[in-house]
Each structure stands twice: as structure tokens, then as C-alpha cells.
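Student: Quick one: sequence and predicted model below, then my questions.
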Amino acid sequence: MSTETLSTDHAGDEDHHDHPSDAQYVKIAIILAVLTAIEVATYWFEDSFNWGPILVLLMVVKGIIVAGYFMHLKFDDKLLTRIFVAGFILACAVYVIALSAFRFWDNSGLRDDYGENVRSTPYVANEAEEIEAAEDHGSDDHGSDEDHGSEEE
Amino acid sequence: MAVATHDAGHDAHDHGAHDPHATSTGLSNNKLGMWVFLGSECLLFGGLISTYLLYKNRTLTGPSPAELYDIPFTSVTSFILLMSSLTMVLTLSAVQRDDQENAKLWMLATALLGSTFLAAQVYEFTAFVREGMGFTTSISSSAFFTLTGFHGVHVFIGVLMLMSLFVMTVRGRIHSGNAETVEIVGLYWHFVDLVWVIIFTIIYLIP
Amino acid sequence: MALIEQNAPLALESGAERTVDTPMGGFTRPKATSTGWKSWLTTVDHKKIGIMYGVAAMFFFIVGGVEALLLRVQLATPNGSQLTAELYNQLFTMHAVTMVFLFVMPMAAAFINYLLPLQIGAADVAFPRMNAFSFWCWFFGGIFLNTSWLFGGGADCGWFCYQPNAGVIFSPGYGVDFFALGLQITGIASLVSAVNLIVTVLNMRSPGMTLMRMPVFTWMSFVTQVLLLFAMPVITVALFLLIFDRRFGTNFFNVGEGADPLLWQHLFWIFGHPEVYIIILPSFGIISEIIPTFARKPIFGYPFMVFSGIAIGFMGWGVWAHHMFASGLGPISVAAFSVSTMFIAVPTGVKILNWLATMWGAKMKYTTAMLYSIGTVSMFTIGGLSGVTHAVAASDLQQTDTYYIVAHFHYVIFGGGVLGLFGGMYFWWPKVFGHMLDERWGKVHFWTTLVGMNLTFGPMHVIGLQGMSRRYHVYDHSWGWAINFWNLVSTIGAFMIAASTLVFFANIVKSRSRWIGDGRPDVGPDPWDARSLEWMIQSPPPEHNFDEPPVVSDLDEFWHRKYGKDDRGRYVRIAETDEVVQPGTGSAHLPAPSYWPIVLSAGLPLIGYGLIFNLLICIPGALLVLAAMYGWVFEPPDDPDVDDHHGHHHDDGGDAAADGPEATAGDADGIADETDEAELTSAATGES
């Protein structure tokens, strides 16, 4: 089955006619820009709503548009799509499984047994004392002064 | 079978001497090779993104990356990189119809947009360092700089290739006959953009 | 640099004057007609590159073997005192790294490089210069890795280099840095060669050679390359994190900073388990060529053979955590990976069944190659069965990090991988070198190897189940007679393997000198009455491989040209071999040799040394890499001696991608190479 599709003749030659025109490319770019604007807009909305799935959906749509139109996958030999999608899906699969093994999804990355390592108070920027205070705090909790020393190496 | 008659068919009614040596798939080696390579790149960036996701909240010292993100600023740079993909396809389209002037224009525009993105990234990095988050401050900062740094290196290589292409175009050596060279650089460029689409959403926007 | 790069190549591309002799300052393409050692440095011929892979891999086999012998000497008697604990750690690490990355993989690459283009009827691989680059990059990476002995000792972290044990605190020497950077460099080689060979298989098949007519060896090589393609970036990420930890003060694996060392284990084994199949699948492919030839039957269930290979490749991505059952993954992960691991035994079993069915009822010829193939099937089955015991997580917890594991993977890698590779050498030696290896010596080699390996690794099952951990540098009298006795047996077996390897080298020398003494008689293109296309050309093959691309209409095309059905439907000889084979008189346009692959590769170890000792050393390395890349991209398509019989193609720019017939044959690389390698190498240089 796959051999049939592999041997498509003239794949490269005839595709040029199907490619979008410059005007269409601009339109596609506008769509992408709008999608990006929607994504960014969620940043200013209430945090109480979980935008994650919607953002991921928008990301996927953007990705498909870039790969499909700008990278011509929609117009090219399907073999190319298969190769790329194989890599992409494989990457998603193994890394999602690996993160699952870390129980990453349990608490959006905040593992219970690491919860104590995570500062609960927001960081105040540009104040050296605060930084040092935070460092001391961390050291006190975990007695890890020696480990800070190893940073220099 | 199609394969068996492939050579003969091509030679008989195609453009003779300039017919690329018929390959089994009809795709050129270079283009296929680039796509194969990009498939492999998915695993590279997947690993880096996963490392960041795993470590993003593990900040013993200094600020965590998420606390320092300047979303409006990064949105603008993301938009710039996205638009560089548009100028890249316009480059290819101009090269394919032998429109040298526009090809040069769009090529330069793409390289400039890419450089702007890089400059913005350098600015972002220095700002983060000023605010107390260096490469080794915490594992979350290391993971952040590693991921975005790898992406930045990819953009940098893309800019180098675009500049090389630009010089070649100025010398009149890029034209519709070898537009595939531009297309392949374009594939790489769009991929780097695609990775940023993912990074921007997963790393920056999703809290 | 930049001035040279931009002026010279552009000047040379200005149409008709392109044949000026020195387009790149001192550099042109080397002359294709050159001979002697220089021709090997610049060659882009896949056959020569294959031979170089083989020779270099054999060199590293000796290195790794001597390391193994030292280990076994230390363990021959209780409380051995020949090696210190530190040196012992370094030796077992370097033994493993050398054998896996510098012997088995490149030896498989030798076969793949040499045979894959021949088996699909191609003139060369898709990107000949990238092929040469892969070899040199791997070779320099291997040398780089082993120079760690000169700078305070090799890596001492075990081949999987678990964290935080491999951090600077526990492993302060340079060994682990050499490990990380050396594997990074050889990884670039593997990735480039994976891209190259995948494109070769997809794009360079001769007319009629559909995917399902490709020989099983080609199929298994293809699956191997796909695995490499996707596995290499994962280890790249892990090694970068390791290098950053060790050299730039990050804490990716520092528990004190909240890191999770299991991240390393996951990344390593996501790469590491496909790596196991990368090691074993080429050997499966080799014996799938040998067994049908000497069983005088087509391979049983060819589609099942192919699809089980693909299934192994695919499922190999879902079992990695069975290496980590003892790490506290949690019951769900352990159960899931336990089940998936048991499932992967199914396609492997299908393969074993098919080999057995191929041999079933056959009139077999027990040549050395065939003996090795049978040895591979049986030894791999033993290793596979002990592997299934690891899939049972509860039992695995007892076996983890004992000699039982060592026994298992040596049965798989040595019994399954190396025996198959040796079988391949006996099988294809006449094709590659034009003369047979002596069969009597070969059989001595086989039996001593087989007995030796069982003496070495068989007792390790017992030693392990008796509770001896791997990586102990001493054991004591008081551990019981079993551990004491079987360790001695194992050492004796190791020396038997060493002796058998000497027999092999003696066989090479003796067979060759006898052949020369006899006046170099022609071995003929097809000494085994074999089945696939590489036997349809002369031995050794002419430089251009095929006079014209063979038009393929069958699986085992060559055999079907020799044998056809008579009126009763039985296969009978329909043509003499000499009528079928190509005389080797044609002259296809060959890709010209190139300096740049070796120049480009030479820059990478410099960058490696720079990252370890002084970042300043990176600068010449990076400049060399960059200059070589530009030199590569703007290199003229041919050396100046070649007649300009296709000159009109160059009107449209020499380095362009779709440039004319030689685009695929010789100079297809163009900018795409720059992309690949620029990306990869900058991955290595970028952080400097």
C-alpha cells in the first residue's frame, strides 16, 4: 500500500500550481496573527478559568497551518507528512509517558513530594537582600549549603 | 508498477536534460532529507520542553522563569518570528517566478525579522539575569535558558543560511531553476517558527 | 575566512569558467582517479567507507576486548589485586562504551554502508559526502573518547552513566566529560548517517524495487536508521544536560537543588532501549540473508519478517522503563512497562519462528556463515528468554544490577549481535575482497567463539542468581564455591573468545596470502549461489556498482533470474550465473571525492577538548567547522579532471539542489547539508 503512494510520479513538478498565491499567504499570516492575538489575550483574563486546553488547541491549529501551508505539507507528497508527523507524535508519546511516570499531571507539575521545595511566596525582583533571604531560607530548610558550593564548579 | 516505468516516463515527456535524476519517490533527496531531519528535531525539542516542564516550578533560589515572563514583550517577538515565516514563503514564491528584486527584499526581511527576534531574546536573557535569574540560579532557570537557548541557536543558524542565500541571490545564483534550495532553507525556518509557536504557548502562556 | 568563502566559490560558478583549477584557494575537489592512502581520506564511495568502518570497528573491538580481558583477569580469583577499584570502574565503563558505540554499531554501519546501496541497485547513497562525514565524525569521536585515558582515565560511571553518580562530586575526573562529548560527536555521525540512509532507501531504489521487494537486510537496516534518527536527539538532550551540569555549573541532576535524577534515567533509556534494537536489528538482517541462501529456500514469511522488524522498532519505544523497575517508578508505570515488555517478545518470536521455518526440511549447507547464523538464532533465543524474565517486575527486582543482567545482555549483544556480524563477514568477504575466507579456519573460529562465549556468559547467570552484583571489583572466598568457581570459568571463557578472535585474524591473513600466492584467482560474482542484487555484479564490485540499474520484478530478484519454474511448477536453473551478472564494464558518472568531510569532522574533537579544558580551544574548532561547511556547500560538483560531458547543467549554478543528473548521484547535498550539519554542530558548539 505504502509503496504505491511512495512512487507517485511528478510529485514535485505539478505541485507548484496548487501552492497558494502571495495574497493567500498574506491571508494565512493574518489568520495566524489573529490566533496569536487570541492566545495572548487570555493572559489578561481571569486566572480562575483554565485556559490551558484552549491555548493548546490554538497552538495545534497554528502549528497545522504553518506546517500545512507555509511548509507546503498540504500540497506535497504525503510521505513527507508521514515522516514529520511520525517524529512529532513519537516525541509527544514518549515524553508524555515519561512525564506521567514523574506524576507530572497530578498537580500541574507540582509534585507533592517536591511541594516543599517550591517557594509559596512570589519572588520580589531586583532586591539583593530578598534573594539572599530566599537562599538562606532554602538552605535552612534543607541543609543544602554544600550544594550551593558546587555551583561554582 | 509505477516505479518500473518511472525513468522512461520522465525522460519521454519531461524537460529533458534538466529533469532531476528520477528518484523512487519523485521527491528530491535534499527535500526528503530535510524533512527526515526535521522529524528527528521533534525529539530534540520534545526532550528540552519536557525537561523544562518537569523543572519549571522547582526554584530553590532566585525567581522562577514564570515570575519574570514579560508576556506583552514576548508576544511581540513571537509575532515577529511568525511574520518572518510569511516573508520566507514570499521569498520562495518570488524566487520561483524569478522575481529577483522581491526575492532579495523578502530574504533580507526574513533575516532581519529573525535577527530582531534574536536581539529580543538576548535582551530578555539579560533582563532576566539582571533580575536575579542566571543560567545556574536554579534548575528551572537552567532548564528555561537551555530550551530557549537551543531554539535561539536554531534561529541563528537560520539567519546565517538566509544571509548566505541573500549573497548568492545578489550574485545571481538563485533562480527558479534551483528554488528548491530556498524551499529547503524555508522548511528549516518554518520549523524553527513552529517550535516557537509551541514554546510560546506551553512555556510562556500556560501558567 | 569569510572573504575566501564568499569570493572564490561565487567566482567559480559563473558559467563556463567553472573548471578553473583552484576555486577555493588551495582546495579543489580531489581527483577521482587518485589512488593510495590519500584516496581513502577523501573518498565518498560507500564501499570504501564501509570497509573503513569495518577496519576501524575491528580496531575498537580489540581495544574493548583487551579491556574486557583485564576485567576478567581481576575477577578470575577472589580478592583479585590486579586492578584498583577506580581503574576497574573505568575499564568496565569504557569496555561497554567501546563495544556498543565503537564496535557493534559501526560494524553494523560497515555492512549497511557497503551492502544497502548494492541491495537496492543504487550507484551510491543519497548524500555521498555526508556519508564520508559520518564515518570521519564517528571515527574522530571514538578516538576522542579514548584519549580520555591520556587525561586522567576513562569514564567511570557505567555505560548508562546514572546521575548523580556521574556528577562532578562523585566523578571528579575528566572521564565522564569525555564520555558525554565523545558520545555527542559519534551521535552527530549516527544522526547524519540515519538521514542519509533513510533517504537512500526511500529514494535511490532501482526501477521496480518496491519496498516489499527489498531484501530483509535492507529492511532491517532501514528500521535501524529510523530508530537512530529518533533516538539520537534524546541522548543528545541528556548529554547536554550532563555537560551543562559538569562544566557550566547547572544542577539538572542535583537532588539538593530539587532536581530529579530519574530524568536522566528516562532520557537515557528512551534512547537506550531503541539502541538495543539498533544493535541487534542489522544482525537479524544479516542472518536473514544468510539462512535462505544456505537453506536453499526463500525466507519463510517475508512480509512477517518485515513487519515484525517494524513492530520491534515501533514497540521498542514503549518499553524503556523496564530498565528502571528498581528505581521506584510506582506501581502503575511498572505494571504498564512490564506488560509492554512482554509484548515485544512477540515480534521477536515471530522472527525466530521464521528463521527456523526457513531451515525446516531444507537441504542445508553448513558453511561458516550458516553456522554463525544458527549460532545467532540460538544464542539470541537464550538471551531473549532471560530477557523475558526481566519483564516480570517482581523477579526483575531481584536481578537488577546483578551478573544475571550482564549474562542476559551479553547473550543478546554478543550472541545475537556479534555472532551475526561475524557470520556476515564470512558471507560477504568474497564480495568485498574478491576471495573467500578459509572455511576450515572459519569453523575453528566459530566453535571456539561459541564455546568461549557460553563459558564466559553462561556462568554469569549463576553468579548473578547467587547474588553477586555487577561492577564489583572484588569478591571473597566466603561468597561460596559457586561464585568463586564460575568466575574462574568465565575468565577462561573470555580468553577463549580472545583466542578465537586471533584465529579470525589469522584466517584473514592466511586466506589473503594464499589467494595472492595462487595468483589472485577470480572468486566469481556469486560464490554462494545467493539471492540478492549485490551478487549480480563482479567481486569486488566495480566502483560504479551497476553498469545499468537492474530492473526488479521480484523479491530475491537475482535468484529469480537464475531459476525459473519448469512445466511441473518446480524451480529449475534457467540461466547460468555468468549470463545474468553484469560484466562491470560500464562507467557511470561517480561522485567526486571531497576534502571537506574529514576537515569538518576534525573540528568537532577540538570543540570537545575546548569544552573540557579551555573554551579558547573551541574557537579554532568552531572556525574549522564553519569554514568546512562553507567549503562543502560551495564545492564544485566535480574534480577538474572530469570531462565536462554534462556542462550544460552547470549553467544554473553548481551547488543548487535540483541541478541535473549528478544532483542525486553526486552532489545532492547543497544547502541542505549545511542545514543539517550546521544545526548539529552548532548544537555542539553553540553553548561555548
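Tutor: Perfect, I can see it now.
Student: what about the strands in the chain?
Tutor: In the absence of a named chain, chain A is used. Counting by DSSP state E, chain A forms no strands at all.
Student: I was thinking of chain C, sorry if that wasn't clear
Tutor: Counting by DSSP E, chain C has strands at residues C:563-565, C:571-573.
Student: what's the last one packed up against?
Tutor: Looking back up the chat, that one is strand C:571-573. Applying 3 or more Cβ pairs under 8 Å, 6 or more residues apart in numbering or on different chains; DSSP states H and E, one finds that strand C:571-573 contacts strand C:563-565. (Each C-beta comes from the backbone N, C-alpha and C, glycine too.)
Student: try the first one
Tutor: Using 3+ Cβ pairs under 8 Å, 6+ apart as the contact criterion, the secondary-structure elements in contact with strand C:563-565 are strand C:571-573.
Student: Just the C-alphas of stretch C:205-214, formatted as PDB.
Tutor: Written as PDB, here are the backbone C-alpha positions of stretch C:205-214 (Å, rounded to 0.1, in the frame of the first residue of the first chain):
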ATOM      1  CA  ARG C 205      15.900   2.200  -5.300                       C
ATOM      2  CA  SER C 206      16.400   0.900  -8.800                       C
ATOM      3  CA  PRO C 207      13.300   0.600 -11.100                       C
ATOM      4  CA  GLY C 208      10.900  -2.000  -9.800                       C
ATOM      5  CA  MET C 209      12.500  -2.300  -6.400                       C
ATOM      6  CA  THR C 210       9.400  -1.600  -4.300                       C
ATOM      7  CA  LEU C 211       9.700  -1.500  -0.600                       C
ATOM      8  CA  MET C 212       8.300  -5.000  -0.300                       C
ATOM      9  CA  ARG C 213      10.900  -6.300  -2.700                       C
ATOM     10  CA  MET C 214      13.800  -5.100  -0.700                       C
END
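Student: pLDDT score for residue 48?
Tutor: Let's take chain A. With respect to pLDDT, residue A:48 scores 69.
Student: not quite, I wanted chain C
Tutor: 93.
Student: do the one 3 residues further on as well
Tutor: Model confidence at residue C:51, given as pLDDT, is 95.
Student: surely it meets residue C:110?
Tutor: Yes: with contacts counted by Cβ atoms under 8 Å, residue C:51 reaches residue C:110, the gap being 7.2 Å.
Student: Where does pLDDT dip in the chain?
Tutor: I went with chain A, as the question did not name one. Scanning chain A for pLDDT under 70 picks out A:1-18, A:46-48, A:107-153.
Student: sorry, should have said chain C
Tutor: Along chain C, segments meeting pLDDT under 70 span C:1-28, C:31-34, C:588, C:637-688.
Student: let's go with 80 and repeat that
Tutor: Where chain C drops to pLDDT under 80, the residues are C:1-38, C:586-590, C:635-688.
Student: Then chain B?
Tutor: Using pLDDT under 80, chain B drops low at B:1-22, B:207.
Student: what about 90?
Tutor: Applying pLDDT under 90 to chain B flags the ranges B:1-27, B:56-72, B:97-100, B:132-134, B:136-138, B:168, B:171-180, B:205-207.
Student: Tell me, how many residues neighbour the residue in it positioned nearest to chain A?
Tutor: Proximity of chain B to chain A (Cβ to the nearest Cβ) peaks at residue B:39, 2.9 Å away. Using other Cβ atoms under 10 Å in any protein chain shown, residue B:39 is surrounded by 26 other residues.
Student: Could you point out the longest helix of the chain?
Tutor: I went with chain A, as the question did not name one. helix A:78-101 (DSSP state H).
Student: right idea, wrong chain: chain C
Tutor: Using DSSP H, we find that the single longest helix of chain C is helix C:481-517.
Student: Just the buried positions in that one, please.
Tutor: C:483-484, C:486-491, C:493-498, C:500-501, C:503-504, C:507-508, C:511-512, C:515 (16 or more other Cβ atoms under 10 Å in any protein chain shown).
Student: Can you pull the residues of the stretch 101-250 of chain C lying near chain A?
Tutor: Contact residues, the stretch 101-250 of chain C versus chain A (Cβ under 8 Å from any Cβ of the partner chain): C:168-169, C:202, C:210-212, C:229-230, C:234, C:246, C:249.
Student: how close does residue C:495 sit to residue C:65?
Tutor: 10 Å (Cβ to Cβ, to the nearest Å).
Student: Could you do residue B:194 as well?
Tutor: Note on residue B:194: its distance to residue C:65, by Cβ to Cβ, is 46 Å.
Student: repeat for residue C:573
Tutor: 44 Å.
Student: Repeat that for residue C:276.
Tutor: 21 Å.
Student: quick one: the helices in chain A?
Tutor: Using DSSP H, the helices of chain A run over residues A:2-6, A:11-15, A:22-41, A:52-65, A:78-101, A:128-142, A:145-149.
Student: Equivalent analysis for the stretch 151-300 of chain C, please.
Tutor: C:175-203, C:216-248, C:262-295 (DSSP state H, counting those that start in this stretch).
Student: Also chain B?
Tutor: Going by DSSP H, chain B shows helices at B:6-13, B:29-55, B:65-68, B:71-96, B:100-130, B:139-170, B:179-199.
Student: ok, back up a step: comparing residue C:573 and residue C:65, which shows the higher neighbour count?
Tutor: residue C:65 (18 against 11).
Student: My understanding was that the more buried one contacts residue C:501; is that so?
Tutor: Yes: at 6.6 Å, residue C:65 counts as touching residue C:501 under the criterion of Cβ under 8 Å.
Student: between residue C:51 and residue C:110, which one's more packed in?
Tutor: Comparing residue C:51 with residue C:110 by other Cβ under 10 Å, the one with more neighbours is residue C:110, at 27 against 19.
Student: wait, doesn't the more buried one sit right on residue C:57?
Tutor: Yes: under the criterion of Cβ under 8 Å, residue C:110 makes contact with residue C:57 at 6.1 Å.
Student: For residue C:307, which non-adjacent residue is closest in space?
Tutor: Distance criterion Cβ to Cβ, 6 or more residues apart in numbering or on different chains; nearest residue to residue C:307, sequence neighbours excluded, is residue C:347 at 7.9 Å.
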